[in-house]
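Trainee: Predicted model and sequence below, questions to follow.
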Amino acid sequence: MQPHEIVDRLTILYGNKHPIINSLERVVNTEEISDIFTLSSYLLGKEHRETVSALKNLVYERKAEDNIFVLFKVINVISNDTEALHALRNVCSDSNFVNMQTELLFKLIINLDDKDVDVISAIKNLVSTEAELNLFLLFKVLQAIDTKNETIATLKSATLYKTNILKLAHKLTEEKYTIPLNMRKMVNRFEGKPLTDSFSRGQLRSKIWISDKINDLDIDLGDMIYVCAGWYGVLSALLFERNKVKNILSFDSDPATDNPADTLNKEQTIDGLRFKAVVKDIHSLNYEDKAFEVNHYQYTEMNAYETTQQTLPPKMAASCVINTSCEHIEDFDNWWNDIPKGMLVIMQNNDFDEDHEDHDDTVVNTVSSIEEWSKRLNISETLYKGTLALDKYNRYMVIGYK
């Protein structure tokens, strides 16, 4: 996935609850200075907020003032002597030596953790109107505010090199979610078009829609969710993050999907197999209590892995069946008829146009409206039915009991 795609998806996932993620998107895409300061202030914490603010105002109020550069000749000599700095600060304040920049400058330098000559020189360069603002020097000073805080280096990496974005997002979302870190592993291990497609804007919005409606309607999903055509496990990861979920089995016939899905849901896979991806054609599913043959992946150095096969211990029968890819299911009616009556179901379809330039040849079962989709499913009790307008198509969802 490209950096601009990663930050866009993070904004969709977490931008509402954690608005600071929007600053991360702007920093990665445009290197916006104000957002660099916003993120730095957040990452360095309350104790350094005034120092960051002083640096910010110095940068924003750069003026061609000769006296302040004369001042640097003295500061270079006494920068590591805090008492001398305070004395010089008082002299400048009493004598009106320079304007407001002086106070900001002393506030910054006195509170620096690292007052090395290179750092002082960087500040001098940053306040000069003759030089273009140098982001490398800006980060040098930001890192000097607290040399033990490693997150500014991560911010520098995300801003200048467009790397470590997901690592930084994990920090900015207060380390509450597993998707950013596990997505980082997925990008390292499974980079390619399928990964990008599984995290497309439409895919994410469609799955967040499910999560939101489950919460809005306070639906009890029961002990065991079967996600059919679960692909890379994105829906499962979202449900674990956002909803009250006990166990999920994710089924897909593509043998290249279970390893990425297990990676994205690593914590739940480790935690008593609360999640497991199963390579299996959903047409052959038995929704009663049954064991499944599964793959387990053990990673070694350089992201190489060893595969072992074993039988998943029998688990409880399905309490809910979810399929967000009904448009891809051949012989859909036969598959649908196999689901037990009374089962809680969440079914999505769409009106993807066969003539569209992005048409996928596996799209074989679309519908033209929510009315058509609801009529076709003909469930006994409808809890919700609705339409989500996306960029290139409409997605239709029905929730209820078959």
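Mentor: That came in fine, so what should we check first?
Trainee: Quick one: the helices in the stretch 101-250 of the chain, in order.
Mentor: 101-110, 117-127, 135-145, 151-156, 165-172, 179-190, 193-198, 201-216, 234-242 (DSSP state H, counting those that start in this stretch).
Trainee: Kindly export the second one (C-alpha atoms) in PDB.
Mentor: Written as PDB, here are the backbone C-alpha positions of helix 117-127 (Å, rounded to 0.1, in the frame of the first residue of the first chain):
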ATOM      1  CA  VAL A 117      26.100  23.500  19.400                       C
ATOM      2  CA  ASP A 118      24.500  21.800  16.400                       C
ATOM      3  CA  VAL A 119      21.100  22.200  18.000                       C
ATOM      4  CA  ILE A 120      21.600  25.900  18.800                       C
ATOM      5  CA  SER A 121      22.800  26.400  15.200                       C
ATOM      6  CA  ALA A 122      19.700  24.600  13.900                       C
ATOM      7  CA  ILE A 123      17.500  27.100  15.900                       C
ATOM      8  CA  LYS A 124      19.400  30.000  14.500                       C
ATOM      9  CA  ASN A 125      18.800  28.700  11.000                       C
ATOM     10  CA  LEU A 126      15.100  28.100  11.700                       C
ATOM     11  CA  VAL A 127      14.500  31.700  12.900                       C
END
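Trainee: could I get the helices of the stretch 101-250 of the chain as TSV with mean pLDDT and mean neighbour count?
Mentor: Any C-beta I mention is one placed from the backbone N, CA and C, and that applies to glycine too. Below are the helices of the stretch 101-250 of the chain laid out as TSV (pLDDT from 0 to 100; neighbours: other CB atoms under 10 Å):
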stretch	mean pLDDT	mean neighbour count
helix 101-110	78	20
helix 117-127	85	18
helix 135-145	93	20
helix 151-156	97	20
helix 165-172	97	22
helix 179-190	93	19
helix 193-198	94	15
helix 201-216	97	17
helix 234-242	98	23
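Trainee: Any chance of those in TSV with distance to L377 as columns?
Mentor: Output for the helices of the stretch 101-250 of the chain, formatted as TSV (distance: least, CB to CB, whole Å):
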stretch	distance to L377
helix 101-110	64
helix 117-127	62
helix 135-145	54
helix 151-156	47
helix 165-172	37
helix 179-190	30
helix 193-198	25
helix 201-216	16
helix 234-242	19
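Trainee: need the next SSE after the host helix or strand of T307, C-terminal direction.
Mentor: Element membership for T307 (DSSP states H and E) is strand 305-312. Next along the chain after strand 305-312, taking DSSP H and E as the criterion, comes strand 320-323.
Trainee: Show me how far that following strand is from its chain's centre.
Mentor: 25 Å (CA atoms, centre = their mean, to the nearest Å).
Trainee: Can you pull out the residues in contact with the strand holding T307?
Mentor: Contacts to strand 305-312, defined as CB atoms under 8 Å, 6 or more residues apart in numbering, come from residues 259, 273, 276, 278, 291-300.
Trainee: Please name whichever of the helices of the stretch 101-250 of the chain is nearest to Y14.
Mentor: Y14 lies closest, by CB to CB, to one member of the helices of the stretch 101-250 of the chain: helix 165-172, at 7.3 Å.
Trainee: Among the contacts of strand 305-312, which one lies nearest to T387?
Mentor: V278 (31.0 Å).
Trainee: Measure how buried that closest one is and give me the count.
Mentor: V278 has 20 neighbours, counted by other CB atoms under 10 Å.
Trainee: so it, which of the three states?
Mentor: strand (DSSP: H, G, I helix; E, B strand; the rest coil).
Trainee: show me what contacts it?
Mentor: V278 makes contact with 249-252, 258, 292-294, 312, according to CB under 8 Å, 6+ apart.
Trainee: I appreciate the help and will end here.
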